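*Asks:* Dropping the sequence and predicted coords here.
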Amino acid sequence: MRFDWVNILATIIFVSIVVTLILAVASYFAYKVREARRPKSAAELRREGQMKAFFEQYKPGDAVPAEAPETKA
């Protein structure tokens, strides 16, 4: 059995299409898993009456000074 260039190229194209479809299905399932465990957005938390803030507002009057650690001589 002798392979010519057409059969070799057809085999390569067929394998690449099958691999592409497999990767597409795998990435779709990975996307669905990621979306299922996504943290709540700020809009969803506001509807529940909670606040999502990455940083707390600094007010100089509210700051409590930290005590200096004692040093042993």
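*Replies:* Cool, got the structure.
*Asks:* how much space between residue 44 and residue 36?
*Replies:* 15 Å (C-beta to C-beta, to the nearest Å). Every C-beta, even on glycine, is put in place using the N, C-alpha and C of the backbone.
*Asks:* Which one of the two is surrounded by more residues?
*Replies:* Per other C-beta atoms under 10 Å, whichever of residue 44 and residue 36 has more neighbours is residue 44, with 11 against 7.
*Asks:* Scan this protein for its longest helix.
*Replies:* Ordering each helix of the chain by length in residues (DSSP state H) puts helix 5-36 first.
*Asks:* Report the distance from the helix or strand just after it to the chain centre.
*Replies:* Next helix or strand after helix 5-36 toward the C-terminus (DSSP states H and E): helix 42-47. Helix 42-47 sits 20 Å away from the centroid of its parent chain (C-alpha atoms, centre = their mean, to the nearest Å).
*Asks:* in the longest helix of the chain, what counts as buried?
*Replies:* The neighbour-count check on helix 5-36 (16 or more other C-beta atoms under 10 Å) flags nothing as buried.
*Asks:* Within the helices and strands, which one has residue 58?
*Replies:* Counting by DSSP H and E, residue 58 is part of no helix or strand.
*Asks:* Quickly note the distance from it to residue 42.
*Replies:* 20 Å.
*Asks:* and these two? which has more neighbours close in?
*Replies:* Using other C-beta under 10 Å, the more surrounded residue of residue 58 and residue 42 is residue 42, with 12 against 7.
*Asks:* mind checking pLDDT for that one?
*Replies:* The model reports residue 42 with a pLDDT of 71.
*Asks:* How much space separates it from residue 4?
*Replies:* Residue 42 is 62 Å from residue 4, by C-beta to C-beta.
*Asks:* Could you do residue 14 as well?
*Replies:* 16 Å.
*Asks:* cool, and residue 50?
*Replies:* For residue 50 relative to residue 4 (C-beta to C-beta), the value is 68 Å.
*Asks:* count of residues packed around residue 45?
*Replies:* 14.
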